[in-house]
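> Have a look; sequence and predicted model below, questions after that.
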Amino acid sequence: MSSHIKGALLGLAVGDALGVPVEFQSRDLLARSPVTNMREFGTHGQPAGTWSDDSSLTFCLAETLVKGYDLQDLANRFVNWRNHGYWTAHGSVFDVGNATNTAIYYLSQGAPPTTAGGDAEDCNGNGSLMRILPLLFYIKDLDIHDRYLHVQKVSSLTHRHVRSIACCFIYLEVALHILKGDQPVAAYLNAIAAVNEYFKEKDILNEKEQDILAPTLSGSLTKKPISEIHGTGYVVHTLEAAIWILIHTNTYAAAVLTAVNLGNDTDTTAAVTGGLAGMHYGWEEIPAEWLNILAGKDRIEELIANLQVKFKI
(Lines give C-alpha, C1' and ligand atoms only; values in the text may rest on other atoms or scores of the structure.)
Protein backbone atom coordinates (compact mmCIF):
# COMPACT_ATOMS: atom_id res chain seq x y z
CA MET A 1 0.00 0.00 0.00
CA SER A 2 2.98 2.32 0.41
CA SER A 3 3.16 2.39 -3.36
CA HIS A 4 -0.44 3.57 -3.39
CA ILE A 5 0.37 6.57 -1.19
CA LYS A 6 3.42 7.48 -3.26
CA GLY A 7 1.55 6.88 -6.50
CA ALA A 8 -1.35 9.01 -5.34
CA LEU A 9 0.64 12.09 -4.36
CA LEU A 10 3.27 11.97 -7.10
CA GLY A 11 0.65 11.01 -9.67
CA LEU A 12 -1.48 13.98 -8.70
CA ALA A 13 1.40 16.47 -8.65
CA VAL A 14 2.82 15.35 -12.01
CA GLY A 15 -0.61 15.54 -13.63
CA ASP A 16 -1.07 19.01 -12.18
CA ALA A 17 2.34 20.15 -13.47
CA LEU A 18 1.61 18.84 -16.96
CA GLY A 19 -1.57 20.91 -17.07
CA VAL A 20 -0.32 24.19 -15.60
CA PRO A 21 1.31 25.62 -18.77
CA VAL A 22 -1.85 25.13 -20.88
CA GLU A 23 -4.56 25.94 -18.34
CA PHE A 24 -7.55 27.65 -20.02
CA GLN A 25 -6.47 26.58 -23.52
CA SER A 26 -9.33 25.14 -25.53
CA ARG A 27 -9.75 21.53 -26.48
CA ASP A 28 -9.60 22.49 -30.16
CA LEU A 29 -6.29 24.29 -29.72
CA LEU A 30 -4.79 21.35 -27.84
CA ALA A 31 -6.05 18.96 -30.51
CA ARG A 32 -3.86 20.88 -32.98
CA SER A 33 -0.89 21.05 -30.60
CA PRO A 34 -1.37 18.35 -27.97
CA VAL A 35 0.66 18.20 -24.79
CA THR A 36 2.99 15.19 -24.91
CA ASN A 37 5.58 16.20 -22.31
CA MET A 38 6.32 18.74 -19.60
CA ARG A 39 6.21 22.27 -20.96
CA GLU A 40 7.56 25.47 -19.44
CA PHE A 41 6.11 28.96 -19.02
CA GLY A 42 2.77 29.11 -20.87
CA THR A 43 -0.38 30.33 -19.11
CA HIS A 44 1.18 31.16 -15.75
CA GLY A 45 4.79 31.75 -16.82
CA GLN A 46 6.11 29.00 -14.56
CA PRO A 47 9.14 26.71 -15.03
CA ALA A 48 8.51 23.16 -16.23
CA GLY A 49 7.45 20.83 -13.43
CA THR A 50 5.57 23.50 -11.48
CA TRP A 51 2.40 22.40 -9.72
CA SER A 52 -0.48 24.61 -8.68
CA ASP A 53 -3.07 25.06 -5.93
CA ASP A 54 -4.37 21.55 -6.63
CA SER A 55 -1.20 19.97 -5.27
CA SER A 56 -0.57 22.65 -2.65
CA LEU A 57 -3.89 22.05 -0.90
CA THR A 58 -3.52 18.30 -1.31
CA PHE A 59 -0.17 18.50 0.46
CA CYS A 60 -1.71 20.67 3.19
CA LEU A 61 -4.29 17.96 3.84
CA ALA A 62 -1.65 15.23 3.81
CA GLU A 63 0.46 17.18 6.29
CA THR A 64 -2.50 17.70 8.60
CA LEU A 65 -3.18 13.96 8.52
CA VAL A 66 0.43 13.25 9.44
CA LYS A 67 0.00 15.47 12.48
CA GLY A 68 -3.47 14.12 13.24
CA TYR A 69 -6.94 14.71 11.78
CA ASP A 70 -7.83 18.27 12.78
CA LEU A 71 -10.03 20.52 10.64
CA GLN A 72 -8.80 23.71 12.28
CA ASP A 73 -5.21 22.72 11.61
CA LEU A 74 -6.15 22.14 7.98
CA ALA A 75 -7.89 25.51 7.82
CA ASN A 76 -4.78 27.20 9.23
CA ARG A 77 -2.62 25.54 6.58
CA PHE A 78 -4.98 26.72 3.83
CA VAL A 79 -4.76 30.30 5.13
CA ASN A 80 -0.97 30.04 5.38
CA TRP A 81 -0.86 28.81 1.79
CA ARG A 82 -3.05 31.62 0.46
CA ASN A 83 -1.44 34.44 2.42
CA HIS A 84 2.19 33.33 2.70
CA GLY A 85 2.88 30.84 -0.11
CA TYR A 86 3.08 27.82 2.21
CA TRP A 87 3.37 24.52 0.32
CA THR A 88 3.80 26.23 -3.04
CA ALA A 89 6.17 25.09 -5.75
CA HIS A 90 8.26 28.27 -5.77
CA GLY A 91 7.14 30.35 -2.80
CA SER A 92 4.10 32.15 -4.20
CA VAL A 93 0.48 31.46 -5.15
CA PHE A 94 -0.24 32.00 -8.84
CA ASP A 95 -3.61 30.29 -9.21
CA VAL A 96 -6.66 30.00 -6.97
CA GLY A 97 -10.34 29.37 -7.69
CA ASN A 98 -12.93 31.95 -6.69
CA ALA A 99 -14.87 29.71 -4.29
CA THR A 100 -11.69 28.48 -2.64
CA ASN A 101 -10.34 32.01 -2.35
CA THR A 102 -13.54 33.26 -0.73
CA ALA A 103 -13.74 30.34 1.68
CA ILE A 104 -10.14 30.75 2.77
CA TYR A 105 -10.80 34.42 3.43
CA TYR A 106 -13.68 33.39 5.72
CA LEU A 107 -11.40 30.87 7.41
CA SER A 108 -8.84 33.62 7.97
CA GLN A 109 -11.56 35.65 9.68
CA GLY A 110 -12.36 32.83 12.08
CA ALA A 111 -15.20 31.04 10.31
CA PRO A 112 -15.67 27.43 11.51
CA PRO A 113 -14.06 25.03 9.02
CA THR A 114 -17.28 23.10 8.39
CA THR A 115 -19.22 26.22 7.38
CA ALA A 116 -16.60 28.28 5.52
CA GLY A 117 -17.29 26.84 2.08
CA GLY A 118 -20.12 28.07 -0.10
CA ASP A 119 -23.28 25.96 -0.25
CA ALA A 120 -25.01 27.68 -3.17
CA GLU A 121 -25.52 25.79 -6.41
CA ASP A 122 -23.02 28.02 -8.20
CA CYS A 123 -20.34 26.95 -5.69
CA ASN A 124 -19.74 23.61 -7.39
CA GLY A 125 -16.33 24.07 -8.89
CA ASN A 126 -13.76 21.30 -8.47
CA GLY A 127 -11.80 22.96 -5.68
CA SER A 128 -12.48 20.38 -2.98
CA LEU A 129 -12.33 17.38 -5.32
CA MET A 130 -8.83 18.36 -6.42
CA ARG A 131 -7.40 18.09 -2.88
CA ILE A 132 -9.44 15.31 -1.23
CA LEU A 133 -7.37 12.22 -2.14
CA PRO A 134 -5.11 11.97 0.97
CA LEU A 135 -8.22 11.67 3.13
CA LEU A 136 -8.61 8.15 1.74
CA PHE A 137 -5.72 6.88 3.84
CA TYR A 138 -7.37 8.14 7.02
CA ILE A 139 -10.90 6.84 6.33
CA LYS A 140 -10.15 3.61 4.47
CA ASP A 141 -10.99 1.31 7.40
CA LEU A 142 -14.11 3.18 8.58
CA ASP A 143 -17.67 2.18 7.70
CA ILE A 144 -19.30 3.93 4.76
CA HIS A 145 -21.33 6.37 6.86
CA ASP A 146 -18.27 7.58 8.74
CA ARG A 147 -16.36 7.83 5.47
CA TYR A 148 -19.09 10.07 4.09
CA LEU A 149 -19.17 12.29 7.18
CA HIS A 150 -15.42 12.87 7.00
CA VAL A 151 -15.61 13.68 3.29
CA GLN A 152 -18.46 16.08 3.99
CA LYS A 153 -16.42 17.94 6.61
CA VAL A 154 -13.18 18.13 4.63
CA SER A 155 -14.94 19.26 1.45
CA SER A 156 -16.92 21.89 3.37
CA LEU A 157 -13.87 23.98 4.17
CA THR A 158 -14.21 25.34 0.64
CA HIS A 159 -17.20 23.57 -1.00
CA ARG A 160 -20.25 22.77 1.11
CA HIS A 161 -22.93 22.02 -1.51
CA VAL A 162 -24.12 18.41 -1.51
CA ARG A 163 -23.10 18.01 -5.16
CA SER A 164 -19.45 18.78 -4.43
CA ILE A 165 -19.51 16.57 -1.35
CA ALA A 166 -21.09 13.71 -3.32
CA CYS A 167 -18.48 14.00 -6.08
CA CYS A 168 -15.65 13.89 -3.53
CA PHE A 169 -17.27 10.86 -1.91
CA ILE A 170 -17.72 8.97 -5.18
CA TYR A 171 -14.12 9.74 -6.11
CA LEU A 172 -12.75 8.41 -2.83
CA GLU A 173 -14.93 5.31 -3.02
CA VAL A 174 -13.44 4.54 -6.45
CA ALA A 175 -9.99 5.18 -4.98
CA LEU A 176 -10.79 2.87 -2.08
CA HIS A 177 -11.51 0.02 -4.48
CA ILE A 178 -8.27 0.72 -6.34
CA LEU A 179 -6.54 0.53 -2.97
CA LYS A 180 -8.14 -2.89 -2.49
CA GLY A 181 -6.71 -4.06 -5.81
CA ASP A 182 -9.69 -3.73 -8.14
CA GLN A 183 -9.03 -3.01 -11.79
CA PRO A 184 -10.43 0.35 -12.96
CA VAL A 185 -13.79 -0.81 -14.35
CA ALA A 186 -14.44 -3.01 -11.32
CA ALA A 187 -13.33 -0.22 -8.97
CA TYR A 188 -15.84 2.13 -10.59
CA LEU A 189 -18.76 -0.30 -10.69
CA ASN A 190 -18.16 -1.64 -7.18
CA ALA A 191 -17.86 1.89 -5.82
CA ILE A 192 -21.08 3.17 -7.34
CA ALA A 193 -22.98 0.08 -6.18
CA ALA A 194 -22.03 0.93 -2.59
CA VAL A 195 -22.57 4.65 -3.07
CA ASN A 196 -26.02 4.22 -4.62
CA GLU A 197 -27.12 2.01 -1.74
CA TYR A 198 -25.79 4.46 0.83
CA PHE A 199 -27.25 7.55 -0.85
CA LYS A 200 -30.64 5.87 -1.04
CA GLU A 201 -30.55 4.66 2.55
CA LYS A 202 -29.59 8.08 3.93
CA ASP A 203 -31.62 10.10 1.38
CA ILE A 204 -28.54 12.16 0.52
CA LEU A 205 -29.57 13.39 -2.93
CA ASN A 206 -32.81 14.99 -4.04
CA GLU A 207 -34.21 14.22 -7.48
CA LYS A 208 -32.36 17.06 -9.17
CA GLU A 209 -29.01 15.98 -7.77
CA GLN A 210 -29.70 12.37 -8.70
CA ASP A 211 -30.32 13.44 -12.31
CA ILE A 212 -27.14 15.52 -12.42
CA LEU A 213 -25.00 12.67 -11.11
CA ALA A 214 -26.85 9.97 -13.08
CA PRO A 215 -24.17 9.53 -15.78
CA THR A 216 -21.68 8.58 -13.07
CA LEU A 217 -23.98 6.72 -10.68
CA SER A 218 -25.68 4.70 -13.43
CA GLY A 219 -22.40 3.17 -14.59
CA SER A 220 -22.77 4.68 -18.05
CA LEU A 221 -19.29 6.23 -18.02
CA THR A 222 -18.05 2.89 -19.31
CA LYS A 223 -19.91 3.54 -22.58
CA LYS A 224 -19.73 7.31 -23.06
CA PRO A 225 -17.72 8.64 -26.02
CA ILE A 226 -14.91 11.05 -25.26
CA SER A 227 -16.88 13.79 -27.03
CA GLU A 228 -19.20 13.78 -23.99
CA ILE A 229 -16.33 14.12 -21.50
CA HIS A 230 -15.36 17.66 -20.55
CA GLY A 231 -12.37 19.34 -18.93
CA THR A 232 -14.12 22.30 -17.35
CA GLY A 233 -13.79 23.44 -13.75
CA TYR A 234 -17.26 22.09 -12.87
CA VAL A 235 -16.94 19.37 -10.23
CA VAL A 236 -19.24 16.93 -12.04
CA HIS A 237 -17.25 17.25 -15.26
CA THR A 238 -13.96 16.71 -13.43
CA LEU A 239 -15.23 13.61 -11.66
CA GLU A 240 -16.64 12.15 -14.88
CA ALA A 241 -13.40 12.89 -16.73
CA ALA A 242 -11.18 11.28 -14.09
CA ILE A 243 -13.22 8.08 -13.96
CA TRP A 244 -13.76 7.90 -17.72
CA ILE A 245 -10.06 8.36 -18.45
CA LEU A 246 -9.01 5.81 -15.84
CA ILE A 247 -11.20 3.13 -17.43
CA HIS A 248 -10.38 4.03 -21.04
CA THR A 249 -6.57 4.27 -20.89
CA ASN A 250 -3.94 1.70 -19.96
CA THR A 251 -0.91 3.64 -18.69
CA TYR A 252 -0.32 6.49 -16.27
CA ALA A 253 1.10 8.67 -19.04
CA ALA A 254 -1.86 8.07 -21.34
CA ALA A 255 -4.26 8.91 -18.53
CA VAL A 256 -2.79 12.28 -17.57
CA LEU A 257 -2.08 13.36 -21.14
CA THR A 258 -5.66 12.54 -22.11
CA ALA A 259 -6.82 14.65 -19.17
CA VAL A 260 -4.66 17.63 -20.08
CA ASN A 261 -5.69 17.53 -23.72
CA LEU A 262 -9.37 17.82 -22.83
CA GLY A 263 -8.52 21.50 -22.43
CA ASN A 264 -9.82 24.26 -20.13
CA ASP A 265 -9.10 23.33 -16.48
CA THR A 266 -6.18 21.22 -17.58
CA ASP A 267 -4.19 21.15 -14.34
CA THR A 268 -7.08 20.10 -12.12
CA THR A 269 -8.48 17.49 -14.48
CA ALA A 270 -5.01 15.96 -14.79
CA ALA A 271 -4.36 16.18 -11.05
CA VAL A 272 -7.62 14.42 -10.14
CA THR A 273 -7.05 11.83 -12.86
CA GLY A 274 -3.37 11.49 -12.03
CA GLY A 275 -4.05 10.69 -8.40
CA LEU A 276 -6.18 7.69 -9.34
CA ALA A 277 -3.85 6.61 -12.14
CA GLY A 278 -0.80 6.91 -9.91
CA MET A 279 -2.47 4.72 -7.31
CA HIS A 280 -3.48 2.12 -9.87
CA TYR A 281 -0.24 1.88 -11.88
CA GLY A 282 2.20 2.76 -9.10
CA TRP A 283 4.62 5.65 -8.94
CA GLU A 284 7.22 3.56 -10.78
CA GLU A 285 5.13 3.91 -13.96
CA ILE A 286 5.25 7.71 -13.92
CA PRO A 287 7.79 8.69 -16.60
CA ALA A 288 11.14 9.43 -14.98
CA GLU A 289 11.69 12.50 -17.14
CA TRP A 290 8.57 14.02 -15.59
CA LEU A 291 9.44 13.09 -12.02
CA ASN A 292 12.98 14.39 -12.41
CA ILE A 293 11.83 17.96 -13.05
CA LEU A 294 8.92 17.99 -10.63
CA ALA A 295 9.29 21.04 -8.39
CA GLY A 296 10.00 20.27 -4.74
CA LYS A 297 10.24 16.53 -5.35
CA ASP A 298 12.41 15.87 -2.28
CA ARG A 299 9.97 17.73 -0.06
CA ILE A 300 7.04 15.82 -1.50
CA GLU A 301 8.79 12.51 -0.97
CA GLU A 302 9.49 13.44 2.66
CA LEU A 303 5.77 14.13 3.11
CA ILE A 304 4.95 10.78 1.49
CA ALA A 305 7.34 8.98 3.84
CA ASN A 306 5.74 10.66 6.84
CA LEU A 307 2.27 9.69 5.63
CA GLN A 308 3.41 6.09 5.22
CA VAL A 309 4.76 6.02 8.77
CA LYS A 310 1.61 7.63 10.15
CA PHE A 311 -0.62 4.95 8.70
CA LYS A 312 1.94 2.19 9.38
CA ILE A 313 2.14 1.05 5.80
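Cool, got the structure.
> what about Glu121, is that helix, strand or coil?
Following DSSP: H, G, I helix; E, B strand; the rest coil, Glu121 is assigned to coil.
> same question, Gly91
Per three-state DSSP, the local secondary structure of Gly91 is coil.
> isn't it right up against Trp81?
No: using Cβ atoms under 8 Å as the test, Gly91 is too far from Trp81 to be in contact (11.3 Å). C-beta here means a position set from N, CA and C on the backbone, and glycine is covered the same way.
> so what's Leu12 up against?
Going by Cβ atoms under 8 Å, 6 or more residues apart in numbering, Leu12 touches 54-55, 58, 133, 271-272, 274-275, 278.
> and if you look at Pro113?
71-72, 74-75, 107, 153, 156-157.
> distance of the closest residue in space to Ala191 that isn't next to it in sequence from Thr36?
Spatial nearest neighbour of Ala191, excluding adjacent residues (Cβ to Cβ, 6 or more residues apart in numbering): Glu173 at 3.9 Å. Glu173 sits 32 Å away from Thr36, taking Cβ to Cβ, to the nearest Å as the criterion.
> Now Asp95: closest residue in space, sequence neighbours ignored.
The nearest residue in space to Asp95 (Cβ to Cβ, 6+ apart) is Ser52, at 4.6 Å.
> number of nearby residues for Ala305?
14 (other Cβ atoms under 10 Å).
> How about the secondary structure of it?
The three-state assignment at Ala305 reads helix, by three-state DSSP.
> do you know how far it is from Thr251?
Using Cβ to Cβ, we find Ala305 at a distance of 26 Å from Thr251.
> Contacts only, for the residue nearest to Gln210 when sequence neighbours are not counted.
Take Gln210 and drop its neighbours on the chain: the residue closest to it by Cβ to Cβ, 6+ apart is Leu217, 7.4 Å away. Residues near Leu217 by Cβ under 8 Å, 6+ apart: 170, 192, 195-196, 199, 210.
> contacting residues for Leu276?
Per Cβ under 8 Å, 6+ apart, neighbours of Leu276: 11, 171, 174-175, 178, 242-243, 246, 255.
> Recalculate using a threshold of 6 Å.
Applying Cβ atoms under 6 Å, 6 or more residues apart in numbering to Leu276 gives the contacts 242, 246.
> swap in the one 5 residues further on?
By Cβ under 6 Å, 6+ apart, Tyr281 lies in contact with Tyr252.
> Distance check, it against Leu129.
Using Cβ to Cβ, Tyr281 is found at 21 Å from Leu129.
> One more: Asn76?
Distance, Asn76 to Leu129, by Cβ to Cβ: 22 Å.
> shouldn't the residue nearest to Ala191 be in contact with Asn190?
No: the pair Glu173 / Asn190 is not scored as a contact, 8.5 Å apart, by Cβ atoms under 6 Å.
> Neighbour count: those two, which is higher?
Higher neighbour count among Glu173 and Asn190: Glu173, with 23 against 16, using other Cβ under 10 Å.
> Summarise which helices and strands the host helix or strand of that one is packed against.
Per DSSP states H and E: Glu173 is located in helix 162-179. With contacts taken as 3 or more Cβ pairs under 6 Å, 6 or more residues apart in numbering; DSSP states H and E, helix 162-179 sits against helix 144-156, helix 184-202, helix 235-248.
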